[in-house]
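Visitor: What shape does this take:
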Amino acid sequence: MKLDYIEWKELSLLIDGVYDLTYEFVKAHAKSIEGYLLQHTNLSEHARQKLTDRILRSQYAEMAKVDEFPRSLLFQKEFILKDYYYWDDELFQASYDFREEFRIYPNIVILNTLSMRKIELITNNLHKDKVKNESGMKLSETSEFALLEKFSAENFELKFAIDESLETSEFVLIFDTNPLWRNQDHTK
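Guide: Next up, the predicted model:
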């Protein structure tokens, strides 16, 4: 007897089997998916066609996502900045907490614009001796106002990024093996 449905556990195993097929195979051989389902299920022809269509549509969507951006390993953790005066100490401690949890240092810190501006104002007015410009000169030895691009410590470096969806004083530490920055070509 041909069925019009399939149990979730069996469907899950079938989808895993189909996703193991290569993208080119899936793209070029829709009938092969239907054949795979015919061989491994009791679905009616109509039900097989519908499932094949759904698998193909989801496969194409997944492949579009993979093709659009390179694969990367991503870890993230949210924190609250308690005192802007000690922002660097808090960021340093948060990075160590991140490392304790994920066994790797973060490489990106994300804040909203207001938080970033507060940090830059405090740094430029109160902590100029802790900042170096691109040529390695301490900010306290120059009259320039520093727009911070990164936070450097002995064992790690964090690039600053902005996300307006974060509340003031919230920040997110991220480790991303393949970060994509605005205006960066990510098709390589």
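
Visitor: Domains of the protein: list them as residue ranges, please.
Guide: As given by automatic domain parsing, the domain ranges for the chain are 8-68, 74-176.

Visitor: quick one: which of the ones you listed has the weakest pLDDT on average?
Guide: For these, mean pLDDT drops lowest on domain 8-68, to a mean of 65.

Visitor: what about F145, is that helix, strand or coil?
Guide: Assigned state for F145: coil (three-state reduction, DSSP: H, G, I helix; E, B strand; the rest coil).

Visitor: Go ahead and confirm it touches T123.
Guide: No - F145 is beyond contact range of T123, at 9.7 Å (criterion: Cβ atoms under 8 Å). The way it works is simple: take the backbone N, C-alpha and C, and place the C-beta from them, glycine included.

Visitor: out of these two, which sits in the busier spot?
Guide: Neighbour count, other Cβ atoms under 10 Å: between F145 and T123, T123 has more, with 19 against 12.

Visitor: The more buried one against L148, yeah?
Guide: Yes - the pair T123 / L148 is scored as a contact, 6.5 Å apart, by Cβ under 8 Å.

Visitor: Is F160 in a helix, a strand, or coil?
Guide: Once three-state DSSP is applied, F160 turns out strand.

Visitor: Return the residues in contact with it.
Guide: Taking Cβ atoms under 8 Å, 6 or more residues apart in numbering, we find F160 in contact with V109, I110, L111, M116, L148, E149, K150, F151.

Visitor: beta partners of the third one?
Guide: Right, L111. I162 (DSSP bridges).

Visitor: Is it correct that it is in contact with E167?
Guide: No - here L111 does not reach E167: they are 9.9 Å apart, not a contact under Cβ under 8 Å.

Visitor: out of these two, which sits in the busier spot?
Guide: L111 (25 against 11).

Visitor: now the more buried one: how far from Y84?
Guide: 11 Å (Cβ to Cβ, to the nearest Å).

Visitor: Kindly report the same for S95.
Guide: 17 Å.

Visitor: between those two, who's got more neighbours?
Guide: Each of S95 and Y84 has its neighbours counted (other Cβ under 10 Å); S95 has more, 23 against 16.

Visitor: Who are the packing partners of the helix or strand containing that one?
Guide: Secondary structure assignment for S95, by DSSP states H and E: helix 87-102. When contacts are defined as 3 or more Cβ pairs under 8 Å, 6 or more residues apart in numbering; DSSP states H and E, helix 87-102 sits against strand 74-80, helix 113-126, strand 170-176.

Visitor: Please repeat the previous calculation with a cut-off of 10 Å.
Guide: If contacts are counted by 3 or more Cβ pairs under 10 Å, 6 or more residues apart in numbering; DSSP states H and E, helix 87-102 sits against strand 74-80, strand 108-111, helix 113-126, strand 150-152, strand 157-162, strand 170-176.
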